[in-house]
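Peer 1: have a look at this prediction, sequence included:
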Amino acid sequence: MQTRRTFVKAVGAGALAAHLPTGAFAQAYPAKPIRFIMPYPPGGSSEILARPIANELSKSIGQSVFIDYKPGAGSTIGADIVAKSAPDGYNMVMLLTAHAVNASLMPKLPYDTVKDFASITLAATLPLVVVVNAQSPIKTLQDLIAAARANPGKLNYASAGPGNTSHLAVEYFKSVVGVNLTHVPYKGSGPAITALLGREVDCIFDSLSSSLPQIQGGKFRAIAVSTAKRSKVLPDVPTIQEGGIAGFDVSVWYGVFAAAGTPAPILQKLNAEIIKAMRMPEAKEKIEAAGYDIVGSTPAELDAHVKMEITRWAKVVKDSGATFN
């Protein structure tokens, strides 16, 4: 059953669309700048992917696409702004795996994770990379496991916030391996990276794109990646599975959403333009060099993916006992 807010937005947008033929409605859009909300602080993986998309999109649609940072509360502040915005395609948000996680992690969300959003495209996926400070005595994943077993609860890990993949991937890892690491949440990947640079924490299971500059600069040591296959940009770094943890396969996904009720012609136009933007040579090079795998799904495919991920992560949240305080 639709929420009242979703129903009202859908009726309003439908009334507007009724005054224009379908083709004309899409052609008239956009007539003003588009706000692209980032629900995390600057410097994180969502911005690294979004910026080249926004740059190319601005060129192709003839209107500015500007990034607006609305971090906090595990990405729900930025998500809620779009959920409650007018369904006219002038506000969109990039949401990560945490969007699906929050459905079970936060029982009192200010929106419905499925019903209050219109899917545009699953833009890309990205491995997590297990990193330690380059000065750490930990050289391999097995070193990390051994240190955690020898010092239960004394080793800590940073995350980009409660419910973020950098949090729950470690909780899943802990449950599988049988070790105890202490969670230290930060408000985004950027602050978590700063903490590891300052040796305030022992490790991060971070989005590859966020930590890659520090790895390449010699400040971080990469000891494993979270996906079943090695990353093309870190071919010498083994997978967690290669480290002896059979079946471990976790990646971060990045979806672009508008408000529920946004007319289909606008969603279709945004879908086509965003996919085209990611495949432009300059943008494609930047995105892939940061470790992302470009997807570019249909809206329906993103709808199905979100529902599947809600189910998958609900089990991880329950089994781990993770909570959002």
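Peer 2: Sure thing, it's come through.
Peer 1: residue 187 belongs to a strand?
Peer 2: No: assignment of residue 187 by DSSP: H, G, I helix; E, B strand; the rest coil gives coil, placing it outside any strand.
Peer 1: tell me what the helix or strand hosting residue 275 is packed against?
Peer 2: According to DSSP states H and E, residue 275 maps onto helix 264-279. In terms of contacts (3 or more CB pairs under 8 Å, 6 or more residues apart in numbering; DSSP states H and E), helix 264-279 is packed against helix 22-28, helix 45-61, strand 117-133, strand 251-259, helix 281-289, helix 299-320. All C-beta spots, glycine's among them, are computed from the backbone N, C-alpha and C.
Peer 1: what's next to the fifth one, contact-wise?
Peer 2: The list of residues contacting helix 281-289 from outside it, by CB atoms under 8 Å, 6 or more residues apart in numbering, reads 49, 52-53, 55-56, 124, 232-233, 277-278, 294.
Peer 1: average model confidence for it?
Peer 2: Averaged across helix 281-289, the pLDDT comes to 96.
Peer 1: buried residues, that helix. List them.
Peer 2: 283-284, 286-287 (16 or more other CB atoms under 10 Å).
Peer 1: centroid-nearest residue for the protein?
Peer 2: residue 96 (2.3 Å; CA atoms, centre = their mean).
Peer 1: off-centre distance for the helix holding residue 275?
Peer 2: 19 Å (CA atoms, centre = their mean, to the nearest Å).
Peer 1: report the buried residues of it.
Peer 2: Neighbour-count burial for helix 264-279, counted by 16+ other CB under 10 Å, picks out 265-267, 269-271, 273-275, 277-278.
Peer 1: what's the closest non-adjacent residue to residue 259?
Peer 2: Spatial nearest neighbour of residue 259, excluding adjacent residues (CB to CB, 6 or more residues apart in numbering): residue 87 at 4.4 Å.
Peer 1: that neighbour: neighbour count?
Peer 2: Residue 87: 25 surrounding residues under other CB atoms under 10 Å.
Peer 1: cool, residue 296 as well?
Peer 2: By other CB under 10 Å, the residues close to residue 296 number 17.
Peer 1: that one against residue 120, yeah?
Peer 2: No: between residue 296 and residue 120 there is no contact under CB atoms under 8 Å: 10.5 Å.
Peer 1: any residues in contact with both of these two?
Peer 2: The contact sets of residue 296 and residue 120 overlap at residue 274 (CB under 8 Å, 6+ apart).
Peer 1: send the alpha carbons of stretch 155-170 over as PDB?
Peer 2: What follows is stretch 155-170 as a C-alpha-only set of coordinates in PDB (Å, rounded to 0.1, in the frame of the first residue of the first chain):
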ATOM      1  CA  LEU A 155      42.100  -4.100  17.900                       C
ATOM      2  CA  ASN A 156      39.600  -1.600  16.400                       C
ATOM      3  CA  TYR A 157      38.300  -0.800  13.000                       C
ATOM      4  CA  ALA A 158      36.900   2.400  11.500                       C
ATOM      5  CA  SER A 159      33.800   2.600   9.400                       C
ATOM      6  CA  ALA A 160      32.000   5.300   7.400                       C
ATOM      7  CA  GLY A 161      29.200   5.000   9.900                       C
ATOM      8  CA  PRO A 162      26.800   2.500  11.500                       C
ATOM      9  CA  GLY A 163      25.100   0.400   8.800                       C
ATOM     10  CA  ASN A 164      27.600   1.300   6.100                       C
ATOM     11  CA  THR A 165      29.100  -1.600   4.200                       C
ATOM     12  CA  SER A 166      32.400  -0.800   5.800                       C
ATOM     13  CA  HIS A 167      30.700  -1.600   9.200                       C
ATOM     14  CA  LEU A 168      28.600  -4.600   8.400                       C
ATOM     15  CA  ALA A 169      31.200  -6.300   6.200                       C
ATOM     16  CA  VAL A 170      33.400  -6.400   9.200                       C
END
